[in-house]
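Asks: Got a sequence here, can you model it:
(one chain, ligands or ions: 1)
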Amino acid sequence: MKRKKTAFARRKFTLDGFALLPLARADALPIARKICAIEPWSRIRYRPAKLARHLRASEPSFRSYKIMVDGKIAGLVSIRFPWLHGTYLDLLAVFPGRQGREIGKGIIRWMESETAARYKNLWALVSDFNTGARKFYKKQGFNEIAVIADLVKPGFDEILIRKTLD
Ligand SMILES: CC(C)(COP(=O)(O)OP(=O)(O)OC[C@H]1O[C@@H](n2cnc3c(N)ncnc32)[C@H](O)[C@@H]1OP(=O)(O)O)[C@@H](O)C(=O)NCCC(=O)NCCS
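Replies: Numbers count the residues shown, from 1 in each chain. This next block holds a predicted model:
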């Protein structure tokens, strides 16, 4: 019997135009600082130290990767697998100078290819006010499923989004 491939099993992924490397402990705080300085995290007032602790979490279902372009850190992606019969995109940040070069699109494709052998769902949350990211996810085939009020902080709504894989 042919065995299904294990999702997200490799330490490093070389993808189209960028690579994903596991987040080293020492990278967590400087990267968290950069993330907290940009929207949506700046508007919600995420705190770098707390975010860094989250990104360093040592749990079997949680993985954080730095996005590398030409040897430099271009952003961060973290995922949970398995999560609700699929993969949950915990955080995706492409840093401003690297946006609009199909890295985000490539990350969603990577999630699909890692997930599809076992499950048919990708999940994420997007802040209601983050209209640019909502357009991005819609283009990648996500549907908005439900509004979750006051999840991260009172006064901020998050939208649960789902992409069903063929
Ligand atoms: C949103 C984000 C992940 C998109 O990644 P990216 O690498 O910049 O986007 P890509 O170049 O892969 O774009 C893919 C498609 O989405 C569209 N898109 C990307 N960002 C968009 C935006 N802000 N507004 C409208 N469309 C957008 C692109 O035009 C492109 O469309 P096309 O395929 O028709 O050419 C990235 O810009 C980012 O990290 N932004 C700041 C943080 C954030 O909002 N993260 C998401 C939190 S849930």
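
Asks: Could you give the number of residues near residue 166?
Replies: 6 (other Cβ atoms under 10 Å). The C-beta positions use only the backbone N, C-alpha and C, and glycine is treated the same way.

Asks: now do residue 14
Replies: 11.

Asks: Who does it form a beta bridge with?
Replies: Beta-bridge pairing of residue 14 under DSSP bridges involves residue 19.

Asks: quick one: it from the ligand, how far?
Replies: In this view, residue 14 and the ligand are 17 Å apart by Cβ to the nearest ligand atom, to the nearest Å.

Asks: pLDDT score assigned to residue 4?
Replies: At residue 4, the model reports a pLDDT of 73.

Asks: you'd agree it is up against residue 116?
Replies: No: using Cβ atoms under 8 Å, residue 4 makes no contact with residue 116, being 9.9 Å away.

Asks: So which of these two has more stuff around it?
Replies: Per other Cβ under 10 Å, whichever of residue 4 and residue 116 has more neighbours is residue 116, with 17 against 9.

Asks: Reduced to three states, what does residue 135 come out as?
Replies: Put simply, residue 135 is helix when judged by DSSP: H, G, I helix; E, B strand; the rest coil.
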